[in-house]
Every structure is written in structure tokens, then in C-alpha cells.
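Asks: Requesting a structural model of the entry that follows:
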Amino acid sequence: MEETAFIDLLDQHHHLADVCNKADVCKADDDLQMERGPCYRYHCDFGAQCVLKGGSATCDCPTCTEEFEPVCGTDGISYTNNCKLRREACEQK
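Replies: Numbering: from 1, shown residues only. This is a model prediction of the structure:
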């Protein structure tokens, strides 16, 4: 498996994860305020996702569902969905 090609494939999907993981969070009170969470600008590599543990940002491999939407990795292996491809890359780091 070519590590560079595998990482390139992950980078194509990384932008979507960034948009979701780093979205502003609305706080409900009299004045609507926007607050950025601890995962804002926290970068995780190799398919890992930013999660909060004890109030601190950390990178964890994703937890995947059994949803069947097959994707082909640049390692030549078919994965049952994109999340499982990212999880494999994360666990191999």
C-alpha cells in the first residue's frame, strides 16, 4: 500500500469532516451568542476525529455503523463504507 496515496484519499474527505466538527455552536440565552467549541481548529490526522474527553479536545478513531455503501481504498481493499476506510487508516497510524 502506498501511504501517500492512501492519505490523499483521506484528505479528499477531510474537508467535510472539518466543516461538521468545527461548526459554531449556538448557546441558548437572552442574547444569541456564537461559541466555538474546543474542536475548532483542532487538527486530527489519518481519519481520526476530534472528540471531547474531560472537556479537552483529543483525536480518536471514528466509531462506524454497519451501513453498506462500499468504497474502494487506494490500498486495493473494499470497505463497507467510508467511515470504515477512515477507521482503518486511523488504526494503522
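Asks: So what's the residue count around C61?
Replies: The local packing of C61 (other C-beta atoms under 10 Å) involves 19 other residues. C-beta here means a position set from N, CA and C on the backbone, and glycine is covered the same way.
Asks: quick one, what contacts it?
Replies: For C61, the contact set (C-beta atoms under 8 Å, 6 or more residues apart in numbering) comprises 47-49, 86-87, 90-91.
Asks: again, 7 Å this time
Replies: 47-48, 87, 90-91 (C-beta atoms under 7 Å, 6 or more residues apart in numbering).
Asks: Can you add distance to C64 and neighbour count and give the residues you listed back as TSV?
Replies: Putting those into TSV (distance: C-beta to C-beta, whole Å; neighbours: other C-beta atoms under 10 Å) gives the following:
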residue	distance to C64	neighbour count
G47	11	27
A48	13	21
R87	6	20
C90	11	19
E91	11	11
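Asks: from the residues you listed, which ones fall inside strands?
Replies: Judged by DSSP state E, the contacts of C61 include no members of strands.
Asks: Can you list which of the residues you listed are found in helices?
Replies: Counting by DSSP state H, the contacts of C61 place 87, 90-91 in helices.
Asks: just curious, which of those residues is nearest to T63?
Replies: R87 (8.1 Å; C-beta to C-beta).
Asks: What does the pLDDT read for the residue nearest to F68 when sequence neighbours are not counted?
Replies: Of all residues not flanking F68 in the chain, T80 sits nearest, at 5.6 Å (C-beta to C-beta, 6 or more residues apart in numbering). Listed pLDDT for T80 reads 97.
Asks: With F68 instead?
Replies: 97.
Asks: how much space between it and T74?
Replies: For F68, the distance to T74 (C-beta to C-beta, to the nearest Å) stands at 21 Å.
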